[in-house]
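Visitor: give me coordinates for this.
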Amino acid sequence: MTTFKITSQITPSPRGGMGWGLLLFFTLVALAGQAQTKTSAQLRGRIVNVPAEYENRLSLHEYDPLQTISFNDVPLQLDSLGRFEAEVPLMDTAPVALVWTRLLLSPGETYDVEMDGATGNVVVKGRNAALTNEVIQHQPEGCVWDMDAMKDKTDAFVIDAAEKELKRLEVANDSIQKANGLSVQWRNYAKSRVLSTIAGYLVQRRYVDAAVRQSADGKLWRWLHDHFICQMPRPYTLIQDHLGYIIMNYTRELISPRVRKGFNLRGIDTAISIALEQQADGTISRSEAFADSLRTLRTMLHDYKALSDAGTPDSILASLPFARAVPQYFSDAYLTGLITGGAVGERETMEDIHRVASLDMPDDIRDYARAVLLYSQLEQYHAPLNPALLKLANEVKNDYFRTRIIEQSNRYHDLALRSDYEASLMPNEPLVGLIDGEEIFSKIIRPYRGRILFVDFWGTWCGPCKYDLKSHTHPLHQALGDLPVTYLYLCNNSATEAWRSTIAEYSLTGEHLVHYNLPAAQQSAVEKYLGVHKFPTYIIFDRNGQRVTTEENEPRPYDPESVRRLMMGLIDNK
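Guide: Residues are numbered from 1 along each chain as shown. Below is the predicted model of the structure:
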């Protein structure tokens, strides 16, 4: 994952005296694919009169062009004079959010920044700093769409709304440009940001039911192709806010369109293929009757899909043999594990990358799409790429992307092999043979009687789970540090390697942190006993092992003070 290197040693500014100054050596690379000899920018400066609302969230944020579900907010450490230094990794010229402002940085450059929270002023001086000054002083008019109001509209309606919004913003930004004498570069930058914002909204239409979208004509995706994919600025990192998410969804929609809500038909079909292959090569030992039943399920799936594609009402689809059979088949822990453990995702990512070659895209965007799909696989499962995907990663042409992908894959491999946190990983052997959820859970929590128990149900496949683990877990532990709390993490349907690497990556270990990755059948039994049906789910148990929270008053790690008040009440009432 991309990180910022924050240093505490402050180098004095070359400016004479303490007057305002900001030396921003800004180089805008205009040639697509131009090689970079540097992959980071040096950022240093001073922030004074920090507003109260920013005191606890001074941070740098890089909009990583590969990431689709993660964010890079890194705390900014100031010395007693408000000075800081940071090294910011970059592929090319790109925006970086610095507390309340936004800077455009280029690899190989050094920037001196001074900011005054009392006035909101950010001063920029230096060669090629004109565009950065203009963007800071005159923010382009932004899109004000209410996407919730678009959810029940057809694609044709939304395209028309997008074109009207583009026209409105074109007029507004032309007015800002003329009134302030801004450059053509500012106007082009404003147009690109508007397009990327609208594109970000439009790709989310992929998740709206096809019956609502009425999208069989594909005009929405053609509109995106004509207005965004073929009109991206160079370098495209200039608009990389959520750009990876846009490219991933655009690419996957063209390769494998989402037709309607309901079953993940492609995932089920892929799981059947893998299961049949693994039985044939001896990887698993199942009866021939099992294989025959999977072939029957596939036939039912194809019949179901044909009727679904033809617009058959949901009430009829729900009565079909496939709809009734799926819950029974996927109560099988092995089949479920193929989907949640990453095997299905690996297969589909590999197929998608091969099919990218057929898409109508500029060559550098096609290479970018392959890189995003590979990195998304890493983000989703927190496990190293398998040999087939690693081979595809080595074929990525962009040096920066290729290096990032391979380094991240190697990192997850190394994290999974770490042995310095074994004490927090609980063995499953003492639970062998148990099938009742209450009995399993009671045996798990028995050693922690006398302590409050904070239970977290999560999965390595679950984006919101991992976001909470990364962003909220450590502040929660700090807020409850003086209380007798044990944290129990129960992982749902996740491969061992991904489970181990995620725990190591987020430093989720310690004396009172306990992790289980139970066999799927046992995990399911515990979840059924406790009524867990969403992820993440958090439950608190008192010091006698009695449950004290429900779904209605579920504790939230992002609100540690309310969790602390609840736990203090348990201690006072002991």
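Visitor: switch to C-alpha atoms for all contacts and neighbour counts from now on
Guide: Noted.
Visitor: from Asn398, how far off is the residue positioned nearest the centre of the chain?
Guide: Closest to where the C-alpha atoms of the chain average out (CA atoms, centre = their mean) is Ile69, at 1.0 Å. Using CA to CA, to the nearest Å, Ile69 is found at 21 Å from Asn398.
Visitor: which one's the longest helix in the chain?
Guide: When the chain is parsed with DSSP state H, its longest helix is helix 155-180.
Visitor: now that one: buried residues?
Guide: By 16 or more other CA atoms under 10 Å, the buried positions in helix 155-180 come out as 155, 158-159, 162, 165-166, 169-170, 173-174, 176-177.
Visitor: distance of the residue nearest to the centre of the chain relative to Gly244?
Guide: To Gly244, Ile69 is 9 Å away according to CA to CA.
Visitor: and what of Pro65?
Guide: Taking CA to CA, one finds Pro65 at 5 Å from Gly244.
Visitor: Val99 too?
Guide: The gap separating Val99 from Gly244 is 23 Å, by CA to CA.
Visitor: for Ala210, same thing?
Guide: Ala210 is 24 Å from Gly244, where distance means CA to CA.
Visitor: Val99 and Gly244: which is more packed in?
Guide: A count of neighbours by other CA atoms under 10 Å puts Gly244 above the other of Val99 and Gly244, at 25 against 19.
Visitor: which parts of the stretch 301-450 of the chain are strands?
Guide: Ranges of strands in the stretch 301-450 of the chain, per DSSP state E, counting those that start in this stretch: none exist.
Visitor: who's in contact with Lys528?
Guide: Shown in contact with Lys528 (CA atoms under 8 Å, 6 or more residues apart in numbering): Gly437.
Visitor: same question for Leu385.
Guide: For Leu385, the contact set (CA under 8 Å, 6+ apart) comprises 377-378, 409.
Visitor: ok, those vs Tyr558, which is closest?
Guide: Closest approach between the contacts of Leu385 and Tyr558, by CA to CA: Leu378, at 25.2 Å.
Visitor: separation between the closest one and Lys178?
Guide: 46 Å.
Visitor: export stretch 225-244 as CSV, just CAs?
Guide: The C-alpha coordinates for stretch 225-244 follow below in CSV (Å, rounded to 0.1, in the frame of the first residue of the first chain):
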residue,chain,number,x,y,z
HIS,A,225,-16.4,6.1,-23.5
ASP,A,226,-16.8,9.2,-25.7
HIS,A,227,-16.9,11.9,-23.1
PHE,A,228,-14.5,10.5,-20.4
ILE,A,229,-12.3,7.5,-21.4
CYS,A,230,-11.2,9.2,-24.7
GLN,A,231,-11.0,12.7,-23.2
MET,A,232,-9.0,12.0,-20.0
PRO,A,233,-6.2,14.6,-19.6
ARG,A,234,-2.5,13.5,-19.7
PRO,A,235,-1.2,12.8,-17.2
TYR,A,236,-4.5,11.2,-16.1
THR,A,237,-3.2,11.2,-12.5
LEU,A,238,-4.3,14.9,-12.5
ILE,A,239,-7.9,13.6,-11.9
GLN,A,240,-7.0,10.5,-9.9
ASP,A,241,-9.6,11.1,-7.2
HIS,A,242,-11.4,7.7,-7.2
LEU,A,243,-10.1,7.1,-10.8
GLY,A,244,-9.2,3.5,-10.1
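Visitor: in it, which residues are buried?
Guide: Using 16+ other CA under 10 Å as the test for burial, stretch 225-244 gives 225, 228-229, 232-244.
Visitor: what mean pLDDT does that stretch have?
Guide: Stretch 225-244 carries an average pLDDT of 90.
Visitor: contacts for it?
Guide: Residues contacting stretch 225-244 (CA under 8 Å, 6+ apart): 29-33, 63-68, 91-95, 104, 192-193, 195-196, 199-200, 361-362, 365, 372.
Visitor: what's the answer for stretch 304-321, then?
Guide: Here stretch 304-321 has contacts from 211, 259, 265, 300, 322-324, using CA under 8 Å, 6+ apart.
Visitor: min pLDDT across these, which one?
Guide: Among the contacts of stretch 304-321, Val259 has the weakest pLDDT, 63.
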